[in-house]
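Enquirer: Prediction below, plus the sequence it came from.
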Amino acid sequence: MNLLDLTLASPAGNLACDEALLNWREVGGGEILRFWEPREHFVVVGYANKVEAEVNLAACQAHGIPVFRRCSGGGTVLQGPGCLNYTLVLQTGAQPSLANISSANRFIMERNRRAVQSAMGPQPAAISVRGHTDLALGERKFSGNCQRRHKCALLFHGTFLLNADLPLLNEVLRMPSKQPDYRSGRSHTDFLINLGVPAARLKAALGNAWQATEMSLEFPEQETRRLVAEKYSTAQWTFKS
């Protein structure tokens with residue numbers, strides 16, 4: 001598996017790159033583990049989310065925080081400094097554990113859980129998979145994840161809260177329309193927690209877990225630019241009903 005540590009200049013570019021990597025794998029490109037770390041704050045809604053229901057647009061406008069939409073499901077997140085994003089693009093046909101959404105969730109989340117546990121140090125607190133695709137420290141979530149599937153490939157990506165601005169998150173995001181049972185109605189600041197692990201250590205642990213040993217600078221740049229122009233930078237996509 002190739003390792004791509006690539007943060008593009010714009011939020012739209014980083015979101016488009018994930019979809020471009022999925023499309024690339026579908027037509028014969030390699031399997032990829034990508035890392036990217038946002039340099040500015042922006043909100044990202046899931047594919048099926050309604051912006052007005054999930055986002056406090058007035059607060060976003062007051063803080064100058066733009067809103068975008070990704071191609072995969074899951075809930076709404078605030079991206080920004082202190083967040084580490086990863087992207088897995090995998091071939092599905094040869095791996096029975098990736099055959100459907102549920103089995104892929106279990107397989108990938110358990111491997112990620114073990115990787116995070118190994119990055120926590122000699123006497124780590126217990127990391128668990130909660131809901132379907134959350135990682136939690138005790139009863140508090142530090143990572144949300146989701147997937148999108150094509151015929152021969154899947155995209156599985158997520159965010160790790162390492163040193164994120166949780167009070168700002170609480171201000172710009174509404175209570176989510178869908179919540180896992182273990183959340184028990186808690187506010188964002190009561191439910192979420194920063195993991196506090198250096199990004200480099202977590203990257204190394206995930207790279208080892210996925211045997212991503214070949215460093216690469218290659219990515220589908222032209223397809224990424226096309227998706228930015230036609231999709232991720234457009235209000236029609238972001239605010240679709």
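Expert: Sure thing, it's come through.
Enquirer: what bridges to the nearest residue to Ser216 once chain neighbours are set aside?
Expert: Of all residues not flanking Ser216 in the chain, Asn2 sits nearest, at 4.2 Å (Cβ to Cβ, 6 or more residues apart in numbering). C-betas here are computed from N, CA, C, even on glycine. Using DSSP bridges, the beta-bridge partners of Asn2 come out as Ile32, Glu214.
Enquirer: quick one, what contacts Asn2?
Expert: Asn2 sits next to 30-33, 212, 214-216, 218 when contact means Cβ atoms under 8 Å, 6 or more residues apart in numbering.
Enquirer: again with Met215
Expert: 2-3, 5 are the contacts of Met215 under Cβ under 8 Å, 6+ apart.
Enquirer: same thing with Val55?
Expert: With Cβ under 8 Å, 6+ apart, Val55 has these contacts: 43, 45, 67, 76, 172-174.
Enquirer: Let me see the confidence value for it.
Expert: Looking at Val55, its pLDDT stands at 98.
Enquirer: Please tell me how far it sits from Gly46.
Expert: 11 Å (Cβ to Cβ, to the nearest Å).
Enquirer: Find residues that contact each of these two.
Expert: Thr76.
Enquirer: nearest residue to the spatially most central residue of the chain other than its sequence neighbours?
Expert: The centroid of the chain falls nearest to Gly158 when counting by Cα atoms, centre = their mean (2.1 Å). Residue nearest to Gly158 in three dimensions, not counting chain neighbours: Asn145, with 3.2 Å by Cβ to Cβ, 6+ apart.
Enquirer: What is the neighbour count of the closest residue to Ser233 other than its chain neighbours?
Expert: Closest residue to Ser233 apart from its sequence neighbours, by Cβ to Cβ, 6+ apart: Ala12 at 4.6 Å. Other residues within reach of Ala12, judged by other Cβ atoms under 10 Å, total 22.
Enquirer: Identify each of the helices in the chain and give its residue range.
Expert: For the chain, the helices defined by DSSP state H occupy 11-26, 51-54, 57-63, 101-119, 166-172, 188-191, 199-209, 221-227, 235-238.
Enquirer: Reformat those helices as TSV; add distance to Ala136.
Expert: Output for those, formatted as TSV (distance: least, Cβ to Cβ, whole Å):
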stretch	distance to Ala136
helix 11-26	24
helix 51-54	21
helix 57-63	26
helix 101-119	10
helix 166-172	15
helix 188-191	9
helix 199-209	16
helix 221-227	32
helix 235-238	29
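Enquirer: Tell me which of the ones you listed sits most buried.
Expert: Ranked by average neighbour count under the criterion mean count of other Cβ atoms under 10 Å, the helices of the chain are headed by helix 11-26 at a mean of 23.
Enquirer: Who are the packing partners of that one?
Expert: strand 32-36, strand 42-45, strand 67-69, strand 83-91, strand 153-161, helix 221-227 (3 or more Cβ pairs under 8 Å, 6 or more residues apart in numbering; DSSP states H and E).
Enquirer: The shortest one: partners in the sheet, and parallel or antiparallel?
Expert: In other words, strand 67-69. strand 42-45 (parallel).
Enquirer: Residues contacting the strand it pairs with, please?
Expert: 11, 15, 51, 54-55, 60, 65-70, 76-80, 172-173, 238.
Enquirer: what's the answer for stretch 179-195, then?
Expert: 82, 116, 130-132, 134, 136-143, 160-164, 166-167, 169-170, 173, 175, 202.
Enquirer: What of stretch 144-153?
Expert: 19, 22-23, 25-26, 46-47, 71-75, 77, 89-93, 101, 104-105, 108-109, 112, 133-135, 154-159.
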